[in-house]
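Visitor: give me a model of this one.
(one chain, ligands or ions: 1)
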Amino acid sequence: MVKEYSNGEIVVIWKPELCIHSGICVKMLPQVYKPKESPWVTPGNASTEALKLQIAHCPSGALSWKPAAEK
Ligand code: SF4
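Guide: Numbers count the residues shown, from 1 in each chain. The predicted structure is shown next:
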């Protein structure tokens, strides 16, 4: 399963089967990653640069990103 969350510029991709629940995403960007809410990722709450930096720190590879489709 792959979940996608867009902020209009990039799409945050989350692969739950890879997630080891280290919580690093939640610690780095608590305004974006809220495990108890649905959707649990709200990328509009951080800048694209902050999202990319955080995604690079995900230890499992569960998080990645791609450019959002042109409108
Ligand atoms: S940082 Fe990556 S592995 Fe850790 S909880 Fe977030 S998505 Fe899962």
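
Visitor: who does the residue sitting nearest the centre point of the chain form a beta bridge with?
Guide: The chain has residue 12 as the residue nearest its centroid, 4.5 Å off, counting by Cα atoms, centre = their mean. Under DSSP bridges, the beta-bridge partners of residue 12 are residue 5, residue 65.

Visitor: from what I can see it touches residue 29, true?
Guide: No: assessed by Cβ atoms under 8 Å, residue 12 is found out of contact with residue 29, at 10.2 Å. Any C-beta I mention is one placed from the backbone N, CA and C, and that applies to glycine too.

Visitor: joint contacts of the two?
Guide: Common neighbours of residue 12 and residue 29 (criterion: Cβ atoms under 8 Å, 6 or more residues apart in numbering): residue 51.

Visitor: quick one on the thing from earlier: do you know the pLDDT at the residue nearest to the centre of the chain?
Guide: pLDDT, residue 12: 98.

Visitor: so the longest helix along the chain, near the ligand or not?
Guide: Determined from DSSP state H, the single longest helix within the chain is helix 48-56. No: Helix 48-56 stays out of contact with the ligand when judged by Cβ under 6 Å from any ligand atom, the minimum separation being 7.9 Å.
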